[in-house]
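**Student:** Got a predicted structure here, sequence first:
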Amino acid sequence: MYSSNLDWNWEHWNAGMQGNYISKRYYTYTNDSSVSGYWVANANLGYDFGKLGAVKDTTVSLNMVNLFDKRYISTLNTDASAATDPAGNLQILQVGTPRSAFVTLGVKL
């Protein structure tokens, strides 16, 4: 796994880009089946309003996850109980989140 961040701050503004890489992963006991590696890019943009009335610090940020809408397997799981799956056949593969955006409002009282 590799991860990298690039952050920028100017007066009340902040912005950032993040890149994450996960290499090929095996999901069988004998390492004969795998899922491909992937890159995912995320970004954020925020503004600090400072003191607003009784609130000491107010911030708002826009966050984008999976900017390029990459399709990938994010999580691998196996049934580790030998009694229920002695051959290791039960594999659970979960897809990664699609491109998403959300806004965060932060305050300090």
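**Tutor:** Noted; the coordinates are in hand. None of the values given here were measured: they were computed from a predicted structure. Numbers count the residues shown, from 1 in each chain.
**Student:** Quickly note the distance from D57 to K108.
**Tutor:** 4 Å (CB to CB, to the nearest Å). All C-beta spots, glycine's among them, are computed from the backbone N, C-alpha and C.
**Student:** okay, the two: which has more neighbours?
**Tutor:** The neighbour comparison of D57 against K108 (other CB atoms under 10 Å) goes to D57, with 13 against 9.
**Student:** what does the model give the most centrally placed residue in the chain for pLDDT?
**Tutor:** Centroid-nearest residue in the chain: V65, 6.6 Å away (criterion: CA atoms, centre = their mean). pLDDT recorded at V65 is 97.
**Student:** OK, contacts around it?
**Tutor:** Going by CB atoms under 8 Å, 6 or more residues apart in numbering, V65 touches 40, 42, 97, 99-102.
**Student:** If we use 6 Å, what do you get?
**Tutor:** By CB atoms under 6 Å, 6 or more residues apart in numbering, the contact list for V65 reads 42, 97, 100.
**Student:** How about T104?
**Tutor:** T104 neighbours (CB under 6 Å, 6+ apart): S61.
**Student:** partners of it in the sheet?
**Tutor:** Counting by DSSP bridges, T104 forms beta bridges with S61.
**Student:** No further queries at this time; thank you.
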